[in-house]
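Trainee: Mind looking at a prediction? Sequence and model below.
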Amino acid sequence: MVTRTSSQRTHHLRQALFTLLALLAAGGATYFFATAGPVDPLRDTFFSLAIALDLLSIFLIWQALSWGTPWWLQAEEEWRSRTLHLQSKGVHLILRVYRARPSRIHVLWGKSKARFGLLLAAVLLYGGSLLLFALQGEDVLVRAGWLLSVLLLLLTYAQRPRLPHLSWYSVGAFLLLLVGLYLRVHRLTELPLLHHGDMASVGLQARELLHGQGKGWFNLGWATIPAWGYAHEVLSMSIWGDSLQGLRMSAVLAGLFSLWGVYLLGQEGWHPRVGLLALAALTFDVVHIHFSRIPSYIDPVPWGVWSLYFAVRGYHRRSPFSWALAGITSAVAMNMYFAGRLFPLILATLVVYLLIFHHRRALENREGLVALILGFLIGMGPMLVVAVQQASAYTSRAWFVTIADPGVYQHLLNKYQVSTLREVLMEQIQRTFLTFQYYGDTSTQFGWDGPMLAPWVAPFFLVGIGVATGKLRHVGNFLLSVWLLFGLVLGSVLTVDAPFWPRLVVITPANALALALGFAWIGEVWGGMKRRTLATGWMWVFLVWLFLSGWHQWQMYQARYTAHAGLNDFAARVILTFGERPACYVVGEHHLQEREFRFLLAGRQDLEIHPDRLEEDAATCAQHHGIVVALPSDRYVVDRVLELYPGGQLEEIRAPGGSPSLILYRLP
């Protein structure tokens, strides 16, 4: 029987007590935030109490960590001997855990000369493709040379593949992925009902690339997003069709791969329990679900998550191949939606951290760090030339939403009714860091009016934040802390209208990992003497808790986002029900050349009725047996058409939420 000393038992009891107090403090903070209404005279008092309790809960976890941590929360340098007292046999065993000397990477090609030759060929081929692109632009040779250089780089560090170990964690992860797929694909074209204009622009850009009408893949597309940032949408529309279904399936796939990535990252960075809990948390995360149903914003997330997974895997296993993959995937993330540029910055910070605080381990990974840099540069491809030659355009869109832009700064001064930069920053910081418990989304792409985390799970998130920030010598904890900090500061504090969740979707996997850390830590400290058995039992309790909380959020999401639509996209959806009969849209505030109509009604031969030439356009519409479509504000046009061509069918159609509405007149 393995026993503990009285000192160990005392420390364990203290950890359990302080963790309980931290959880109660975090729960109290969540309650005060829920109580503080927007016009409540006691709002500031509730806010002060809630923030104090939040900080107290994190401090209590730091104190609990000072009495010891499980092996999966320790840095490699902290692995030291353990003594087992086997009283029944009168034996004391001293176990020492060592990290084995890093073995040489056995490349598939064998000797180092062949390996060096592959690396040299990759660099030369990449340099040649850049030169060719700079001289004559994009062509087949440029694309082929770049792709071949990526392949040669990976072959340089390639290792013999090993079959993955199948465990019940893997089975649980597979089942959760199926649930995640259902939550993201169910009623995909109707949920959300709103097809935002920006999403229509993404679809139009992807359609151009799909049909070979764009300027090429190594260029800046709509909103100065690199053209290959639309690769997800192009691939999806080529498989599921040039339609809303095809466009949204790109987001579904991106969401699914980010779920898989967060499971692997939690497993590699901490423990399989952390990976499974993080996967469950992200599966039911309503923010992640929504942005896994609309394109573009989630595009860089799977690439970024996988880049961090490959970096942690490369560090732990001294694998240059994994480091190279980390560089390549971070380069891909950088050239998608602007929030993806966060991930190369995180990796750069990780390298500096390793060189300063884990110098010996960094030296053991020196070949991998070189592979990381090469992977990023080669992964950028000819977009590296574009980023240099068109630096102002490449960064313009991201720059225009920061508070450094005069227009944004003046807007925030007016919005917050303040007069100084310090006051603006204080408002931005408050709205950003309290979005987990109080402030909702300010965007029109989502507009969720509740906090980012459900009140039933927010306290566990704070415990996880305490665990991550209280043990920064652990590489995974440092990576998670930097991910959240950079994402919140660069994606919200310093940008317009915090908290704007389309720019914060990149931290949803980090939120899930923090939740998982909180759950896993509680399972450890409340596990008692039979830590392994009870920790696993607690994990099942937390999985059920996440399921119940997430299912409630899912029901709320369905109720809200199947009712609301925009004017143009609702009109387009109605027109699509006409079949072969053309729509005759009354031009007033809107017209058929707007982006929502252009994307959703592609291939249809619909007509317009202009009030200044009403009789002529109405005659054309009647000739084609069309259906007049008008906004309520243009009802007078419909009445005039009815006078000219009586005998048709007049009706009014409303969106499920009651607004917007349309007037239809089916000509005889």
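Mentor: Noted; the coordinates are in hand.
Trainee: quick one: pLDDT of residue 563?
Mentor: Residue-level confidence at residue 563 comes out at 87, pLDDT.
Trainee: Please apply the same query to residue 395.
Mentor: 87.
Trainee: what's the neighbour count on it?
Mentor: Residues within reach of residue 395, counting by other C-beta atoms under 10 Å, total 14. In this view, the C-beta of every residue, glycine as well, is placed from N, C-alpha and C.
Trainee: Pull out the buried residues from the one helix or strand it maps to.
Mentor: Using DSSP states H and E, residue 395 falls within helix 391-400. Judged by neighbour count (16 or more other C-beta atoms under 10 Å), helix 391-400 contains these buried residues: 394, 398.
Trainee: so how far is it off the chain centroid?
Mentor: 21 Å (C-alpha atoms, centre = their mean, to the nearest Å).
Trainee: Over to stretch 247-265?
Mentor: For stretch 247-265, the distance to the chain centre is 9 Å (C-alpha atoms, centre = their mean).
Trainee: Let me see the contact set for residue 167.
Mentor: Going by C-beta atoms under 8 Å, 6 or more residues apart in numbering, residue 167 touches residue 272.
Trainee: can you give me the strands for the chain?
Mentor: Applying DSSP state E to the chain gives strands spanning 82-86, 91-95, 583-586, 607-609, 627-630, 649-654, 661-666.
Trainee: Contacts for the fourth one, please.
Mentor: When contacts are defined by C-beta under 8 Å, 6+ apart, strand 607-609 is touched by residues 582-587, 591-592, 617-618, 620-621, 624, 626, 628, 637, 641.
Trainee: Just the buried residues from those residues, in PyMOL please.
Mentor: Command for PyMOL, covering only those of the contacts of strand 607-609 found buried under the criterion 16+ other C-beta under 10 Å:
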select buried, resi 582+583+584+585+586+587+592+617+618+621+626+628+637+641
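Trainee: Let's see which of the contacts of strand 607-609 end up in helices.
Mentor: 617-618, 620-621, 637, 641 (DSSP state H).
Trainee: of all the residues you listed, which two lie farthest apart?
Mentor: Farthest apart among the ones in helices among the contacts of strand 607-609 by C-beta to C-beta are 620 and 637. That separation is 14.3 Å.
Trainee: Okay, domains of this protein per the record?
Mentor: Recorded structural domains for the chain (assignment: automatic domain parsing) are 6-95, 112-156, 567-666.
Trainee: Minimum distance to residue 439: which of these has it?
Mentor: Comparing the domains of the chain under C-beta to C-beta, the one sitting nearest is domain 6-95, at 9.4 Å.
Trainee: Give me the mean pLDDT for the closest one.
Mentor: On average, domain 6-95 scores 79.
Trainee: Offset the numbering so it begins at 639, please.
Mentor: Right, with 639 as the first residue, what we last looked at is domain 644-733.
Trainee: Give me the distance between that domain and the centre of its chain.
Mentor: Worked out by C-alpha atoms, centre = their mean, domain 644-733 lies 28 Å from the chain centre.
Trainee: How much space separates residue 848 from residue 875?
Mentor: Using C-beta to C-beta, to the nearest Å, residue 848 is found at 6 Å from residue 875.
Trainee: circling back to that earlier point, with distance to residue 953 added, can I get the ones in helices among the contacts of strand 1245-1247 in TSV?
Mentor: Output for the ones in helices among the contacts of strand 1245-1247, formatted as TSV (distance: C-beta to C-beta, whole Å):
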residue	distance to residue 953
1255	67
1256	70
1258	68
1259	67
1275	67
1279	70
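Trainee: ok, of those, which one's closest to residue 1239?
Mentor: residue 1259 (15.9 Å).
Trainee: residue contacts, the closest one?
Mentor: Here residue 1259 is in contact with 1220, 1222, 1245, 1247, 1266, 1279, 1305 (C-beta under 8 Å, 6+ apart).
Trainee: if we go to 6 Å?
Mentor: 1222, 1245 (C-beta atoms under 6 Å, 6 or more residues apart in numbering).
Trainee: same deal with residue 1070?
Mentor: 1126, 1130-1131, 1136-1137.
Trainee: go again using 10 Å as the cut-off
Mentor: For residue 1070, the residues meeting the contact criterion (C-beta atoms under 10 Å, 6 or more residues apart in numbering) are 1077, 1125-1127, 1129-1133, 1136-1138, 1142.
Trainee: among these, which ones are buried?
Mentor: Buried among the contacts of residue 1070 by 16+ other C-beta under 10 Å: 1077, 1125-1126, 1129-1133, 1136-1138, 1142.
Trainee: Can you name the two of those that sit furthest apart?
Mentor: Going by C-beta to C-beta, the pair spanning the buried ones among the contacts of residue 1070 furthest: 1077 and 1132, at 16.4 Å.
Trainee: What's the local residue count around residue 1219?
Mentor: There are 15 residues near residue 1219, going by other C-beta under 10 Å.
Trainee: Could you report the distance from it to residue 1264?
Mentor: Taken as C-beta to C-beta, the span from residue 1219 to residue 1264 is 6 Å.
Trainee: who touches both of those two?
Mentor: Shared contacts of residue 1219 and residue 1264, counting by C-beta under 10 Å, 6+ apart, come down to 1244, 1304-1305.
Trainee: Make a ChimeraX selection of whichever of those residues turn out to be buried.
Mentor: Of those, the buried ones can be selected in ChimeraX as follows, counting by 16+ other C-beta under 10 Å:
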select :1244,1305
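Trainee: and the shared contacts of residue 1219 and residue 1264 as TSV, adding distance to residue 980 and pLDDT?
Mentor: TSV is the format used below for the shared contacts of residue 1219 and residue 1264 (distance: C-beta to C-beta, whole Å; pLDDT from 0 to 100):
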residue	distance to residue 980	pLDDT
1244	42	93
1304	52	94
1305	54	91
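Trainee: Might one say that residue 983 is in contact with residue 1128?
Mentor: Yes: with contact defined as C-beta atoms under 10 Å, residue 983 reaches residue 1128; the gap is 7.9 Å.
Trainee: Comparing the two, which residue is more hemmed in?
Mentor: residue 1128 (18 against 14).
Trainee: Please list all residues in contact with the closest residue to the more buried one other than its chain neighbours.
Mentor: In this structure, residue 1128 finds its nearest non-sequential neighbour in residue 980, 6.4 Å apart by C-beta to C-beta, 6 or more residues apart in numbering. Neighbour list for residue 980: 938, 942, 968, 971-972, 1120-1121, 1124-1125, 1128-1129, 1141, 1144-1145 [criterion: C-beta under 10 Å, 6+ apart].
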